[in-house]
Each structure stands twice: as structure tokens, then as C-alpha cells.
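Peer 1: Following is a predicted model, sequence given first.
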Amino acid sequence: MRGRVRHLERHVARIARDAARLGLGDLDPDVCRRALTERAAAAFAEREGVVRLEAHAGPDGALLAASARPLGTERATWRAITAPGAHPGPSPTSTAKRSERGPFDAALARARAAGADEALLLDADGWLVEGARSSLVVVLASGALVTPPLARGAQAGIGRALLLERSGVLAEADVGAAQLASARELVAVNAVRGPRPVVALDGRPVGSGAPGPWSARLAACFAEP
């Protein structure tokens with residue numbers, strides 16, 4: 001945003017952590033920080049946009065490549081489908097953000113073909129894991145505010161971590177298909193877009209079919225410095 005990288009230190013920490021976890025080599029946080037800030041200042045000094053920083057394996061450790069793209073537009077409220085295939089499940093690297101996203105890209109393509117914004121992936125046992133491009137927060141019928149545990153195989157998203165820290169009440173808990181169907185609210189979150197209320201799932205309204213009170217509260221949490 002106008003040359004400033006939002007959540008800069010979180011992005012630096014994550015790419016260094018994930019590069020090591022994926023066996024790409026060690027990254028100097030100062031080098032990561034400089035790559036992000038210099039690319040952001042050059043591309044988006046007066047506007048908003050997205051800087052993508054990728055780590056690749058090199059002969060002497062991890063190599064960095066930075067690119068930039070316009071932010072683009074998104075609907076204020078999202079619609080979602082349930083992905084037809086099962087989530088791949090947990091692995092030693094499932095919490096890392098990877099460029100290899102075959103099942104997630106396929107699920108998102110199905111969603112967009114259906115006129116939806118996101119695809120929800122459940123595991124082989126019917127537990128909610130994550131969205132194709134977001135972490136998920138569910139307001140259960142009981143009123144509890146939960147997000148699926150990383151142990152189910154979800155990526156450790158920055159937006160998810162922010163809301164766990166700042167909301168004061170968000171907790172990890174398994175969410176089954178029946179609980180998802182009876183949810184009061186469903187909110188998708190990622191570091192670029194922040195929280196987005198999901199008002200319809202598989203053509204049926206989520207809760208009242210309109211953004212609920214928690215979507216506004218989570219957006220306020222996310223926007224804190």
C-alpha cells in the first residue's frame with residue numbers, strides 16, 4: 001500500500017521458515033525484507049498492489065525472485081462451492097506456502113466456472129480443512145468462532161494467524177460438513193484480501209445470506225497496525 005508492505009515482518013518470517021521447511025536452504029531475513037520493500041516501493045509507490053516473493057533452491061542455498069501485479073478487484077461478499085475432490089491432508093510441508101498447488105488450482109477453477117469466488121476443501125473423512133486460496137473461519141450454530149486446525153493439513157496463513165492472535169475468541173476446532181451447513185457465518189481470509197464474508201455455499205445461503213456481525217469484527221481485527 002503506497003510503497004509499504006503490510007505485515008512485512010510476518011511475510012519475512014514465513015518465507016524464511018517455509019524455505020527451510022521445504023529444504024530450499026536458509027534465507028537471510030534482511031535480504032528477504034529488502035527484496036519485498038524495494039519491489040513494493042518501485043512498483044506501488046502511489047497505489048496498492050501485490051508483491052510476490054518466491055524462494056527457489058540454488059547451488060549455494062535458496063534464491064529469491066520478486067514480482068509484482070496489480071491488486072485487481074474482488075466482490076465484497078464471496079460465494080463458495082465445496083470442492084469435489086478431497087484435500088490432500090497433512091504432510092511434513094503442508095503448513096508451508098508452496099508454488100505447487102495442483103489440487104487447489106483445480107478446485108478454484110471449478111469455483112470460478114460456477115460463478116463462485118472460493119472452493120472449500122474437506123478431507124477424506126469429511127472435515128473442513130481450508131479454502132483453495134484462503135483460510136476459513138466458521139461461526140458455528142452454537143455461536144463459537146472456530147478455524148480448522150493446521151493438523152488437518154491447512155496452510156499456516158498470515159491472515160489466519162493474525163485473527164487467532166487479535167480476536168480474543170477464535171480457536172482451532174474440527175468442523176464437519178453438518179456443522180458447516182448449519183453455520184451462522186463463514187469468513188474466508190488471506191493476507192492480501194483480509195476477511196471476506198462467504199454468503200452462499202453450493203447455492204444455498206450461509207446463515208441469513210448476508211454478512212454477519214463477526215465478518216465486520218474480524219475485518220477490524222485484521223486492519224489493526
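Peer 2: Arrived safely, thanks for sending.

Peer 1: a helix runs through V51, doesn't it?
Peer 2: No. Going by DSSP: H, G, I helix; E, B strand; the rest coil, the assignment for V51 is strand, not a helix.

Peer 1: Can you name the residues bridging to it?
Peer 2: Applying DSSP bridges to V51 gives these bridge partners: A68.

Peer 1: who's in contact with the closest residue to S135 other than its chain neighbours?
Peer 2: In this structure, S135 finds its nearest non-sequential neighbour in R160, 3.7 Å apart by Cβ to Cβ, 6 or more residues apart in numbering. Quick note: C-beta positions are derived from backbone N, CA and C, even for glycine. Applying Cβ atoms under 8 Å, 6 or more residues apart in numbering, we find R160 in contact with S135, V137, T147, A154, V189.

Peer 1: The same query, at a cut-off of 7 Å, please.
Peer 2: By Cβ atoms under 7 Å, 6 or more residues apart in numbering, R160 lies in contact with S135, T147, V189.

Peer 1: any chance of those residues in CSV, with distance to T95 too?
Peer 2: Listed next are the contacts of R160 as CSV, based on distance: Cβ to Cβ, whole Å:
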residue, distance to T95
S135, 11
T147, 13
V189, 16
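
Peer 1: Relative to E172, which of those is nearest.
Peer 2: Nearest to E172 among those, counting by Cβ to Cβ, is T147 at 6.0 Å.

Peer 1: now for the helix or strand of the chain with the lowest mean pLDDT, which elements pack on it?
Peer 2: The helix or strand of the chain with the poorest confidence is strand 61-70; it has a mean of 90 (mean pLDDT, DSSP states H and E). Strand 61-70 sits against helix 29-43, strand 49-58, with contacts defined as 3 or more Cβ pairs under 7 Å, 6 or more residues apart in numbering; DSSP states H and E.

Peer 1: Now A200: closest residue in space, sequence neighbours ignored.
Peer 2: In space, and not counting its chain neighbours, A200 is closest to R79: 4.4 Å by Cβ to Cβ, 6+ apart.

Peer 1: part of a strand, is that neighbour?
Peer 2: Yes. According to three-state DSSP, R79 belongs to a strand.

Peer 1: how much space between R184 and E46?
Peer 2: Going from R184 to E46 by Cβ to Cβ, to the nearest Å gives 40 Å.
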